[in-house]
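Participant: below are the sequence and a predicted model for it; my questions follow.
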Amino acid sequence: MNLSVESIVTGPFQENSYFFWENGSFDTILIDPGDDEDLISKALDKNNLVPIAIVNTHAHLDHIGAIRQLKTKYDIPFYLHENESLILDSYEETCELFGMGKKQKPEVDIWLKDEVEITINNFKLELIRAPGHTPGGICIKIENHLFVGDTIFKGSVGRTDLPGGNWSQLESSLINLVQTIDPCIIVHSGHGPDTTFKNEIEKNPFLIALNDKLNLQS
């Protein structure tokens with residue numbers, strides 16, 4: 001599969017909304033569509049793409065703001081891990097807390113549980129559990145692309161001081177990713193530029209410290 005990936009930076013949190021498609025096809029899957037549904041729709045129209053699903057890495061407000069409108073416009077299902085229900089249920093309250101006005105949360109069509117792979121039309125998505133930033137965080141792998149949400153960034157990692165965050169879980173998730181993912185895979189984060197695990201293992205201070213900790217314990 002010859003895959004193309006595009007990101008659209010949306011909202012006050014500068015969140016990366018992604019969509020990908022197979023060259024020669026019009027079907028596309030949306031990953032973490034953030035606050036600006038019009039901006040996302042214009043990007044889809046520019047590429048003559050037709051969304052077939054929305055799959056989220058987690059349910060923080062900056063990652064789900066456009067979902068309700070996009071679901072209605074394109075009549076597509078929304079996938080989310082079941083352990084994110086607590087985060088999703090606090091969406092309206094969190095929007096008010098951050099001064100974004102009261103918004104209605106999107107409805108989940110397919111709750112993910114223990115699946116390690118899902119198939120949506122011609123796309124096979126590998127799902128990797130990655131709790132820590134949130135309880136039900138996942139990473140989504142397709143070919144040489146890994147969508148990690150806010151689990152890891154170029155030079156940093158996700159915060160764990162928000163409700164549902166857990167540093168010990170995030171450490172375990174990061175260890176699992178570093179030990180199992182091809183270091184040359186392209187890492188698409190929820191904020192900031194793309195990176196690779198090779199780059200992060202060598203330069204990310206959090207992963208360097210984590211590696212030193214593991215070496216001391218071995």
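Facilitator: Thanks, I have the structure now.

Participant: hey, where'd the strands end up in this protein?
Facilitator: Ranges of strands in the chain, per DSSP state E, are 3-10, 15-22, 27-31, 50-55, 78-81, 110-112, 117-120, 123-129, 138-142, 145-149, 152-153, 156-157, 186-189, 195-196.

Participant: would you mind saying which of those strands lies nearest residue 176?
Facilitator: Comparison of the strands of the chain against residue 176 by Cβ to Cβ identifies strand 123-129 as nearest, at 7.4 Å. (C-beta placed from N, C-alpha, C; glycine too.)

Participant: residues touching the closest one, excluding its own?
Facilitator: Strand 123-129 is touched from outside by 22, 27, 29, 55, 81, 112, 115-119, 137-142, 173, 176-177, 180-181, with contacts defined as Cβ atoms under 8 Å, 6 or more residues apart in numbering.

Participant: the inter-axis angle of it versus strand 15-22?
Facilitator: In this structure, strand 123-129 runs at an angle of 140 degrees to strand 15-22, with axes from the mean of the first three to the mean of the last three Cα atoms, to 10 degrees as the basis.

Participant: what separation is there between the residue nearest to residue 163 when sequence neighbours are not counted and residue 123?
Facilitator: Taking Cβ to Cβ, 6 or more residues apart in numbering as the measure, residue 163 lies nearest to residue 90, with 7.0 Å between them; neighbours along the chain are not counted. From residue 90 across to residue 123, the span is 30 Å (Cβ to Cβ, to the nearest Å).

Participant: name the residue in these two with the higher neighbour count.
Facilitator: For residue 90 versus residue 123, the count of surrounding residues by other Cβ atoms under 10 Å is larger for residue 123: 21 against 17.

Participant: show me where this structure has helices.
Facilitator: Assigned by DSSP state H, the chain shows helices spanning 37-46, 61-64, 67-74, 85-89, 91-97, 167-180, 197-203, 205-217.
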